[in-house]
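Visitor: how does the following fold in three dimensions:
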Amino acid sequence: MLRKTLKSWTQPSVLCRQMSVVARSLKYTQHGEPQDVLQIVEDTLAEPKDHQVLVKILAAPINPADINTIQGKYPVKPTFPAIGGNEFVGQVVCVGDKVKDLQPGSHVVPRATGMGTWATHAVYNADQLMAISNKVGLAEAATITVNPCTAYRMLKDFVKLSPGDTVIQNGANSAVGQAVHQLCRAWGINSVGIVRNRPEIAELKKMLECLGANAVLTEEEMRTCDIFKSGKLKRPKLAFNCVGGKSATEVSRHLDDRGVMVTYGGMSREPVTVATGPLIFKDIAFRGFWMTRWSKENYDSTERSKMFREICQLMEQGKFVAPTHEMVPLEKFKEAAIAALNFKGFTGKKFILDMSS
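Guide: Numbers count the residues shown, from 1 in each chain. Below you'll find the model as predicted:
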């Protein structure tokens with residue numbers, strides 16, 4: 001038995017087998033710079049069978065890790081030819097006859113990683129997908145599986161935090177940084193952000209404070225401030241590092257006794273250097289976190305379902321918004337890919353490929 005397709009795409013009486021979909025995707029056959037190796041390719045997709053699902057992809061972000069994967073610099077190595085991208089939100093068009101939990105019209109996001117998402121349509125297995133409320137905005141849904149989940153897990157898995165405790169982070173204007181501020185505000189945790197100085201620093205500070213940051217300081221201000229010594233805020237039990245180098249060392253100096261620094265990125269490409277004094281006399285600890293590993297190890301776990309449910313609820317309530325972003329058409333992928341790794345300017349704006357029209 002074949003399932004019916006989404007009404008907006010075909011008449012109610014038309015079955016999956018009568019449908020021919022031409023997908024446009026960004027493919028590459030070798031590693032290199034995205035603007036050099038990515039090409040728009042058209043493929044006619046076969047009808048979904050058994051446990052398969054045909055999805056119209058509505059939006060898919062360009063993450064730094066996606067660029068690194070194309071460059072061959074990321075731990076995950078694709079099989080060529082490969083389609084770029086790792087996140088998306090899509091709408092189910094048609095399902096195979098053995099799919100029970102997804103229906104045409106449902107919005108879905110990826111449960112698995114490395115699925116190749118920079119495309120207008122794709123056929124996936126049902127167990128690679130998770131349904132998401134269509135009340136969640138496209139930008140929020142398209143970016144939910146990496147950065148918000150990274151922030152959530154780092155806040156939950158390393159130190160037991162209570163309302164009134166403090167978290168400190170560098171790269172506080174990154175997509176993960178913005179997520180950390182919002183989750184801290186929702187949970188009553190103080191959030192201190194460190195950013196690079198820049199001409200628009202006042203505007204950036206205001207934006208991050210609106211997201212939930214209790215204080216936003218430049219790296220220079222952090223070295224001389226007394227925000228913790230004065231008792232204005234408790235010393236941080238937990239620190240997040242996505243920069244490395246001197247920035248990570250300075251942030252770690254502010255940790256409380258037995259505090260923990262979690263490194264999840266290294267934008268400076270400099271190693272994390274440990275200050276000897278805090279390491280010995282405060283017994284601070286250093287950990288690493290990679291969302292891809294956690295997702296694979298918790299593929300069907302109840303904890304993962306709980307995490308998505310809580311984040312989605314905050315999104316539906318308007319208490320969690322997508323990072324600063326720009327929606328761009330698929331045809332503008334070259335410009336967007338180049339800009340995705342440009343860390344200069346106001347904030348780390350995320351580019352999201354818009355295939356919703």
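
Visitor: residue 99 - nearest residue in space that isn't next to it in sequence?
Guide: Spatially, and ignoring its direct neighbours in sequence, residue 99 is nearest to residue 126 (4.7 Å; CB to CB, 6 or more residues apart in numbering). (Each C-beta comes from the backbone N, C-alpha and C, glycine too.)

Visitor: burial measure for that neighbour, as a count.
Guide: Neighbourhood size, residue 126 [other CB atoms under 10 Å]: 20.

Visitor: can you pull the contacts of it?
Guide: With contact set as CB atoms under 8 Å, 6 or more residues apart in numbering, residue 126 has these partners: 51-53, 95-96, 99, 101-102.

Visitor: and it, what pLDDT?
Guide: At residue 126, the pLDDT value in this model is 97.

Visitor: could you report the distance from it to residue 300?
Guide: Residue 126 is 13 Å from residue 300, where distance means CB to CB, to the nearest Å.

Visitor: next one: residue 273
Guide: In terms of CB to CB, residue 273 sits 39 Å off from residue 300.

Visitor: so which of those two has more stuff around it?
Guide: residue 273 (12 against 8).

Visitor: per-residue pLDDT of the more buried one, please?
Guide: You'll see residue 273 listed with a pLDDT of 90.

Visitor: test my guess that it contacts residue 245.
Guide: Yes. Using CB atoms under 8 Å, residue 273 is in contact with residue 245, at 7.0 Å.

Visitor: ranges for the helices of the stretch 1-150 of the chain?
Guide: With DSSP state H, counting those that start in this stretch as the criterion, the stretch 1-150 of the chain has helices at 34-37, 64-71, 138-142, 147-157.

Visitor: switch the ones you listed over to JSON lines; also include mean neighbour count, mean pLDDT and distance to residue 176.
Guide: Converted to JSON lines, these look like this (neighbours: other CB atoms under 10 Å; pLDDT from 0 to 100; distance: least, CB to CB, whole Å):
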{"stretch": "helix 34-37", "mean neighbour count": "16", "mean pLDDT": "95", "distance to residue 176": "22"}
{"stretch": "helix 64-71", "mean neighbour count": "19", "mean pLDDT": "93", "distance to residue 176": "11"}
{"stretch": "helix 138-142", "mean neighbour count": "22", "mean pLDDT": "98", "distance to residue 176": "15"}
{"stretch": "helix 147-157", "mean neighbour count": "21", "mean pLDDT": "98", "distance to residue 176": "5"}
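
Visitor: how about those in CSV, adding distance to residue 264?
Guide: Below are those laid out as CSV (distance: least, CB to CB, whole Å):
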stretch, distance to residue 264
helix 34-37, 23
helix 64-71, 11
helix 138-142, 20
helix 147-157, 6
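
Visitor: what about residue 98, how many neighbours?
Guide: Residue 98: 12 neighbours (other CB under 10 Å).

Visitor: how much space between residue 26 and residue 314?
Guide: Applying CB to CB, the value for residue 26 to residue 314 is 31 Å.

Visitor: those two: who's more crowded?
Guide: Ranked by neighbour count (other CB under 10 Å), residue 26 and residue 314 place residue 26 first, with 26 against 18.

Visitor: now the more buried one, nearest residue through space, not along the chain?
Guide: Nearest-residue entry for residue 26: residue 118, 4.1 Å, with adjacent residues in sequence omitted and distances by CB to CB, 6+ apart.

Visitor: what about the longest helix in the protein?
Guide: helix 302-316 (DSSP state H).

Visitor: what lies in contact with it?
Guide: 130, 132-133, 135-137, 140-141, 144, 148-149, 152-153, 182-183, 186, 295, 298, 320-321.

Visitor: can you flag the buried ones in those residues?
Guide: Using 16 or more other CB atoms under 10 Å as the burial test, these include 130, 132, 136-137, 140-141, 144, 148-149, 152-153, 182-183, 186, 295, 320-321 as buried.

Visitor: picking that back up, so which of the helices of the stretch 1-150 of the chain comes closest to residue 338?
Guide: Among the helices of the stretch 1-150 of the chain, helix 34-37 comes nearest to residue 338, with 5.9 Å by CB to CB.
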